[in-house]
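# Output the structure for:
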Amino acid sequence: MDETQTLSLEPLENGIDGYVKEKNAAMIYWHHQHKIWEYLFGSDAKLFKQEMKNLIKQMKAGKIVRVTKGLVVDVKGTLLYPVKFEFKDVQCMTYFWLLKRGSLITYI
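Here you go, the predicted structure:
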């Protein structure tokens with residue numbers, strides 16, 4: 001059975017904006033299982049290290065098929081520089097939503 005996911009751009013942007021401006025997040029990513037934004041602070045060194053280990057493990061297992069530099073995205077005046085992790089058989093609709101916004105910056 002195909003899973004249909006409905007997303008709205010404004011709440012996605014508001015979540016990112018809040019993490020960046022109010023919580024001073026250093027790393028923000030969409031958690032596909034929980035369908036929410038997750039974030040880490042610059043002071044979360046142990047958690048950063050664990051997330052990097054998780055990514056390496058998923059690459060070795062073939063779950064992550066490509067890592068590329070994403071397009072710069074402007075979310076309410078904050079420039080974000082995404083790293084795009086492509087997972088096998090998973091599309092990140094939140095990333096596509098943010099890119100469809102007219103505020104996409106085409107230079108890197």
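# What does Ser43 show for phi and psi?
For Ser43, the backbone dihedrals are phi -80, psi 0 (criterion: degrees, to the nearest 10).
# Measure how buried it is and give me the count.
Using other Cβ atoms under 10 Å, Ser43 is surrounded by 10 other residues. Heads up, the C-betas are built off the backbone N, CA and C, glycines and all.
# Distance of it relative to Lys57?
Between Ser43 and Lys57 the distance, using Cβ to Cβ, to the nearest Å, works out to 24 Å.
# Return the distance of the one helix or strand Glu86 maps to from the chain's centre.
Glu86 belongs to strand 83-87 when elements are defined using DSSP states H and E. Distance of strand 83-87 from its chain centroid, counting by Cα atoms, centre = their mean, to the nearest Å, is 9 Å.
# Over to stretch 68-79?
Relative to the chain's own centre, stretch 68-79 is displaced by 10 Å; criterion: Cα atoms, centre = their mean.
# before we move on, what about stretch 28-35?
Going by Cα atoms, centre = their mean, the spacing between the C-alpha centre of stretch 28-35 and its chain's C-alpha centre is 8 Å.
# next one: stretch 76-85
Taking Cα atoms, centre = their mean, one finds the center of stretch 76-85 at 8 Å from the center of the full chain.
# before we move on, the earlier item: ok, the strand holding Glu86: who's next to it in the sheet?
Strand 83-87 sits in its sheet next to strand 64-69 (antiparallel), going by DSSP bridges.
# buried ones in the partner strand?
Applying a neighbour-count criterion of 16 or more other Cβ atoms under 10 Å, the buried positions in strand 64-69 are Ile64.
# Contacts for it next, please.
Contacts to strand 64-69, defined as Cβ atoms under 8 Å, 6 or more residues apart in numbering, come from residues Leu55, Gln58, Met59, Tyr81, Pro82, Val83, Lys84, Phe85, Glu86, Phe87, Lys88, Ile108.
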